[in-house]
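Enquirer: sequence unknown, structure follows:
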């Protein structure tokens, strides 16, 4: 309810449905605590369930004008094909991020990919490769963004990619972003 002395509202987010062309339809699994005021906002863990499968995404966070924003979340069983059409398997993992009042970004993500298939388009046609799973690790800090993607098969590493974007360390993002 509304606290007229502190000019703050405390309650709960009881219902929310979200639809996205790429990610499908999601619904709030159960009510989540929510607090709003001019000087702060807070959302307790809010979990969303996919209407199409067993995917689940949970997140919660805090904001204040002096401390900035903090977000923590985790996902379970998100079909990789929703993000990358040529890759099957499910993504699960954790994400933690922050945005300081001056725009500085901090983030850490660790995602695991369950076994599936990877379709590769070649000049002579497409080839489908079975994979045994993989991982994506991402960090954003004052040094920029560092990401590493690995996808393995029983015989060898199918994909190994490193991405560095040294100027991805604050919002708004500067142009251009050199790739290394």
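Expert: Right, received. Where do you want to start? Quick caveat: nothing in here was measured; it's all calculated off a predicted structure.
Enquirer: show me where pLDDT drops low in the chain?
Expert: Across the chain, the ranges flagged by pLDDT under 70 are 1-6, 180.
Enquirer: buried sites along stretch 75-92?
Expert: 75, 78-80, 82, 87-92 (16 or more other C-beta atoms under 10 Å). Every C-beta, even on glycine, is put in place using the N, C-alpha and C of the backbone.
Enquirer: in this structure, which residue is closest to the centre?
Expert: residue 95 (6.0 Å; C-alpha atoms, centre = their mean).
Enquirer: could the buried residues of stretch 75-92 be laid out in TSV, adding distance to residue 65 and secondary structure?
Expert: Converted to TSV, those look like this (distance: C-beta to C-beta, whole Å; DSSP: H, G, I helix; E, B strand; the rest coil):
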residue	distance to residue 65	secondary structure
75	29	strand
78	33	strand
79	38	strand
80	38	helix
82	35	helix
87	40	strand
88	44	coil
89	41	coil
90	38	strand
91	34	strand
92	34	strand
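Enquirer: who's in contact with the helix or strand harbouring the residue nearest to the centre of the chain?
Expert: Residue 95 belongs to strand 90-99 when assigned by DSSP states H and E. With C-beta atoms under 8 Å, 6 or more residues apart in numbering as the test, strand 90-99 has contacts from 55, 59, 68-80, 83, 105-114, 116, 136, 140, 171.
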